[in-house]
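Peer 1: what's the 3D shape of this:
(chains A and B)
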Amino acid sequence: MRTPALFIALLLLTGWLHAQTRISGSVKDGKGHPLRGASITIKDSYDGATADSLGKFHFEAAETGAQTLTITNIGYNPVEQTVTLSGTPIELHIALKEQLSELKAVTITAGSFTAGDAKRGAVLSSIDVATTAGSNADITAALKTLPGAQQVGEQEGLFVRGGAGYEAKQYIDGTLVNNPYYTSVPDIAQRGRFSPFLFKGTVFSTGGYSALYGQALSSVVLLESIDLPEKSEIDATISPLVVGLGTQQLARNKQSSYGFSYDYVNAYAYFKAIPQDVDYFRMPQFHNGDANFRIRTKSGGMIKYYTTFAYNDLGLRRQDWDSLNMKDAFGLTNHNWYNNLSWRDYLSNGWKMDLGASYSTNLDNLGQRVQNAANQDQSFNDSVFWMNYKGFNIDQRQDLSQVRAVFDKKLGTLSAIRFGSEYWYSYNYQKYRNPAYHTDTLYKFTDNFNSLFAESDIYLTNALAAKVGVRYEHSSVINKSDIAPRVSLAYRTGPEAQVSLAYGIFYQKPESNQLFATTNVGFTKATHYIINYQKMSKDRIFRIEAYYKKYEDLIKTVPINYYYSTYNNSGSGYAKGFELFWRDKKSIKNFDYWISYSYLDTKRNYLNFTEQMTPNFAATHTASLVMKRFFTKIKSGVNVTYSYATGRPYYNLMLNGLKYNLAEQGKTVDYNSLNLSAEYIPSMGNNKAKSFVVLFASVSNVLGYNSVYGYNFSYSGLYKQPITPPAKRFYFVGCFISWGVDRSQDAINNNL
Amino acid sequence: MRKTILFFTLLISLAAGAQSDKYTQVMQKNITLLDSAKTIDDLQSLAGTFDRIGDAEKTKWLPYYYAALAQTWIGWNPATQDKDANSAKINAYLAKAEAIEKNSELYAVENMSATQQMLVDPSTRWATNGKDAAAALQKGMEADPNNPRLYYLQGMSLFGTPTQFGGGKDKAKPLFEKSIALYKSAQPKPLYPTWGEKQAEQMLSQCQ
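Peer 2: Just a heads-up that it's a prediction; the model follows:
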């Protein structure tokens, strides 16, 4: 009994050793391209092979009988196949299906430029924003070097594709920012309130944006605040214009942080050194304080709170354009408090939630008087009544409280649905006083604004994606509702190339000064059609985009008398054009440049326009060339930006009875500006340095081109005064020091 | 009957011994092949082989370590175009190994993987991949301060960094020296990694 058992056992053992089966074949992807490196394995054994550069493999399998063969390759769905190994050679041809993967899938790029440090498909990084010459770390100024935005220097805001500045909105972590810029000063553009270093990602949408956002006819800028800082640190800013001090403290367990900072801007020394065309009788002063805390939740979500308080004051005298002996003295005091609380968290079953709340209040005290050569306030008799309307006092307040909730559910690997709602409560108040006539007028309104939205990302393959959304909005002050559909598509046409399409309807409520006059108005409306082609490799991006926009129900001014108007929705218009963008970091070593070009054809009949006219903020051709070069040997970088725009139209629309007449029109000279900036980072690369220093200097409009942004017309229409910047050039020098962390990468500090 | 049991016990233990012996033999053979492998196809095939051994053995980190190492040698080859995709493979092998055991050898490979990604675009990736590479070295040295490969890799990193950024030959030299001293005194366990001594000596000669 024993011997045969042993014999059989030995026989079987030797049998296993000798019955080898040759397995050969190929592994390809769905399109028949060989998959080099794919792995072919007999499960739970050492036997197997790796596909070569032609996708071919072969090996001798020592196992016998029924076995499971697994074929795997990273990025592809694994395949299992049962084979019977009996010594007969086996040939297999296997096709693996590509997995839907975030890294490989197309992204919808029509109408949107993404900037961010770790973002896929990012066109600019936060450092790019800071080191773009001429931007001086102002987000809006940097975005103006991208196609779609106009070079408007006399007003703040982004003028996108034939849209006015107020038709572009900014959102921080999902909630609308009511006063993203410092309060307007006549004919001088103001900076944005927020530093680029607060944000890890920026999306600049020049149209066709998602159903998650609304109330912007032309464009949204979506800012996503950073999560936790990398290290605890203290920062200081020293410059003739600004001093600042701040800190960020990261908890030892790296799960929470807090920080605060304060800076103070005073233009006194600067204006003494660099004469200005306007006479500042109250030197511009800005106090800014901010504080934040951030907590990482157990499930990897974030709770973030950010608050900033700002106070600023200034007063300036400009030449009056009705009387060359007179001056208009304008003064402004502003208080602004902004709060943003957000909570992003991951729930079970692939659900994600984004909750946001924000509260802001903005208080302006504005005043203007007409003064004589000795700076004394003047009053006029009724024969020149228009002069009496140049004097005013305005006390105004805008409050906005918002709550927002968005829920997002992943369907499969990449597809997702999301839906949510937001509620805005806004309070607007204005007290207008005319000192000549001793008249006080009080305006106010409140609005309860609701929206509901739903959107779905649909990935059919890595090469084809669609985003379909719809948005419902209701505004109580005008008692109107709207439904806005949005659709976009992206299709990959080559390894790095894709075509995107976007369509959408966008609504916006009338501006508050219009709602003060009447609430018997409706939403203004724009319909966008966009087609985009993009080829993007690691170091190069080429984009071309064409669009058509149709405006309906734009606000028209209906004059009641010289100083008072009401409004209706009888305006309309269109914008069409195409844009090019090219960025190249590769062709020349250590040299990075981008070129933007925009062609714009737009006309609208809105406000006091007499017919379909090209608005005065729209130039037909706009181009920018941005260059950056870093010299590691001298630890310094040099940045150059050149911007060009053809002249913009200007109009003198005179009120004749109760009708506007086009008394004069023309075009301004072309706009040119060459900006330079440089940074020197002496402790760069020295990881052991206790303090990190950046020296920064910039000059805008180095060549001193004379820019004319438009004209102010006298009451008679006989005299026009050009609108020019208050000084030809702007200079900045500053020193930024931080203690506690190597900040080589964010070379320029945020407090600029 | 007792004899039968004894016999089968013997047979089973022999088979088990043969199995673990097979593991040592196969590993030894492939490690030798890895030392001499030159082409991407050869290295890719070896990475696959080590991965299969790891999958079959289930409790051993060394096969996955060598799979990751073979993939890393592919990453150093200038003909490898997509370093990010290659590093994804390295990191997938490392993740399998680290699920079994975390140690300084795995951190050394992690450092090389991150370095390869950083070198794609040093000026922008310095803050992300560069930081990961440095962190991997740091963790490796905490796990085993006497691993010569970590000092060799740190030396390489400094050697490649411009003097202005705190790198250069002078900074790298003491690290290569320390690395070589550690190689001389090292007594690696069977199948454990031994690579790097020759490279360190060659780099030291370049620092002279």
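
Peer 1: now the helices for chain B?
Peer 2: Ranges of helices in chain B, per DSSP state H, are B:2-36, B:40-57, B:62-76, B:83-100, B:104-118, B:122-125, B:129-143, B:148-160, B:169-185, B:197-207.

Peer 1: Can you give the domain ranges for the chain?
Peer 2: All of this is about chain A. Per automatic domain parsing, the structural domains of chain A span A:18-88, A:112-739.

Peer 1: Please refer instead to chain B.
Peer 2: Split by automatic domain parsing, chain B gives B:38-141, B:146-208.

Peer 1: thinking again about what came up before, any chance of the domains of chain A in TSV, plus mean neighbour count and mean pLDDT?
Peer 2: No exception for glycine: its C-beta is placed from N, CA and C like everyone else's. Output for these, formatted as TSV (neighbours: other C-beta atoms under 10 Å in any protein chain shown; pLDDT from 0 to 100):
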stretch	mean neighbour count	mean pLDDT
domain A:18-88	17	87
domain A:112-739	18	92
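
Peer 1: closest one to chain A among the helices of chain B?
Peer 2: helix B:40-57 (3.3 Å; C-beta to the nearest C-beta).

Peer 1: Counting by contacts, list what the closest one packs against.
Peer 2: strand A:39-42, strand A:48-50, helix B:2-36, helix B:62-76, helix B:83-100 (3 or more C-beta pairs under 8 Å, 6 or more residues apart in numbering or on different chains; DSSP states H and E).

Peer 1: which of the domains of chain B is buried the deepest?
Peer 2: Sort these by mean neighbour count, taking mean count of other C-beta atoms under 10 Å in any protein chain shown, and domain B:38-141 sits at the top with a mean of 20.

Peer 1: What is the linear distance spanned by that one between its boundary residues?
Peer 2: Length of domain B:38-141, first residue to last, C-alpha to C-alpha, to the nearest Å: 30 Å.

Peer 1: again, but for stretch A:95-110
Peer 2: With C-alpha to C-alpha, one end of stretch A:95-110 sits 33 Å from the other.

Peer 1: that older thread, with mean pLDDT added, can I get the domains of chain B in TSV?
Peer 2: Shown next, in TSV, are those (pLDDT from 0 to 100):
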stretch	mean pLDDT
domain B:38-141	91
domain B:146-208	89
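
Peer 1: Quick one: the ones you listed as CSV, columns for distance to A:Arg22 too.
Peer 2: Formatted as CSV, the domains of chain B follow (distance: least, C-beta to C-beta, whole Å):
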stretch, distance to A:Arg22
domain B:38-141, 16
domain B:146-208, 29
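
Peer 1: returning to that earlier point: quick one, which of the helices of chain B is nearest to A:Phe631?
Peer 2: For A:Phe631, the closest of those is helix B:122-125, at 11.9 Å, according to C-beta to C-beta.

Peer 1: That closest one and chain A, any residue contact?
Peer 2: Yes - part of helix B:122-125 sits near chain A under the criterion C-beta under 8 Å from any C-beta of the partner chain, namely B:Ser123, B:Thr124.

Peer 1: and that helix, how far from the chain's centre?
Peer 2: 24 Å (C-alpha atoms, centre = their mean, to the nearest Å).

Peer 1: Also stretch A:492-501?
Peer 2: Taking the mean of its C-alpha atoms, stretch A:492-501 sits 23 Å from the chain's own mean (C-alpha atoms, centre = their mean).

Peer 1: and A:Leu341, bridged to which residues?
Peer 2: On the basis of DSSP bridges, A:Leu341 is bridged to A:Tyr305, A:Ala357.

Peer 1: Next one: it from A:Gln20, what distance?
Peer 2: Here A:Leu341 is placed at a distance of 68 Å from A:Gln20 (C-beta to C-beta, to the nearest Å).

Peer 1: separation between A:Val221 and A:Leu143?
Peer 2: According to C-beta to C-beta, A:Val221 stands 7 Å off from A:Leu143.
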